[in-house]
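Student: Provided below for reference: sequence and predicted model.
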Amino acid sequence: MTRFIVVRHGETQWNVDSRIQGHTDSELTATGQRQAEALARRLERESFDAMVSSDLGRALSTARIIARRTRHDPVVADPRFRERCFGEGEGLTYGELDHQYPEVFSKVRETDPDYCIPGGESRRQFYERVQASFEALAAERRGQRVLVVAHGGVLASLYRVIHRLGITTPYNIPIVNASYNAAAFDAGAWTVEAWADTAHLGETALFEEL
């Protein structure tokens, strides 16, 4: 069995502005830094063997805040856990994206899972990347407990993998900034130990998958 703690980075300015980030970075806000510190204090009480982070700046910034408090160095930067690439759509607001590229995703209607914004990934490509990345890491770290710092889309895809939800079905999945999520992978099967746990954050707004 491989056990995972999977966390989303702290709040960024583009989260506040409701802009598509993808592989483009936006700095953590002051709130995002406080969220990461609160998460780090919680994780200081946890035992884990390795820390892996998306190599995008907002995830690495969050991971380094955690690493300073937990004294868990080095942080392994791993591009397999990047957010979905939205190509030419990055920087647009969600409303602008839905108007210009209505087949990318929606939380109220089915969309084409194979549609790609120029320069981006389709929903299916992203989902398959996330599934393969976690299962590969489980094999690489068999018998260990691993902290993964990633992104909202990565968490949403992992949730779908775990619960065997179709990628075309609209479904609101709680993917809170700096929330605590835990799962285990054993003999090809997933189990959830915790999801969207924000006890360490106090009041916080949910950011749901679109």
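Tutor: Good, I have the coordinates. Numbering: from 1, shown residues only.
Student: Just the residues contacting stretch 93-109, thanks.
Tutor: The contact list for stretch 93-109 (C-beta atoms under 8 Å, 6 or more residues apart in numbering) reads 17-20, 86, 89, 92, 111-112, 115, 117, 123, 170-172, 208-210. C-beta: built from backbone N, CA, C; applies to glycine.
Student: cool, stretch 25-32 as well?
Tutor: Everything outside stretch 25-32 that qualifies as a contact, by C-beta under 8 Å, 6+ apart, is 9-16, 19, 36, 56-58, 61-62, 177-178.
Student: Identify the residue spatially nearest to the residue nearest the centre of the chain, adjacent ones excluded.
Tutor: Of all residues in the chain, the one closest to the mean position by C-alpha atoms, centre = their mean is residue 151, 2.5 Å from it. Using C-beta to C-beta, 6 or more residues apart in numbering and skipping residues adjacent in sequence, the residue nearest residue 151 is residue 83, 3.8 Å away.
Student: next one: the longest strand belonging to the chain to chain centre, how far?
Tutor: Identified as the longest strand of the chain according to DSSP state E is strand 189-197. Relative to its parent chain, strand 189-197 has a centroid offset of 14 Å by C-alpha atoms, centre = their mean, to the nearest Å.
Student: got a list of what residue 83 touches?
Tutor: Residue 83 makes contacts with 21, 22, 23, 54, 56, 150, 151, 152, 153, 154, as judged by C-beta under 8 Å, 6+ apart.
Student: Great, nothing more from me.
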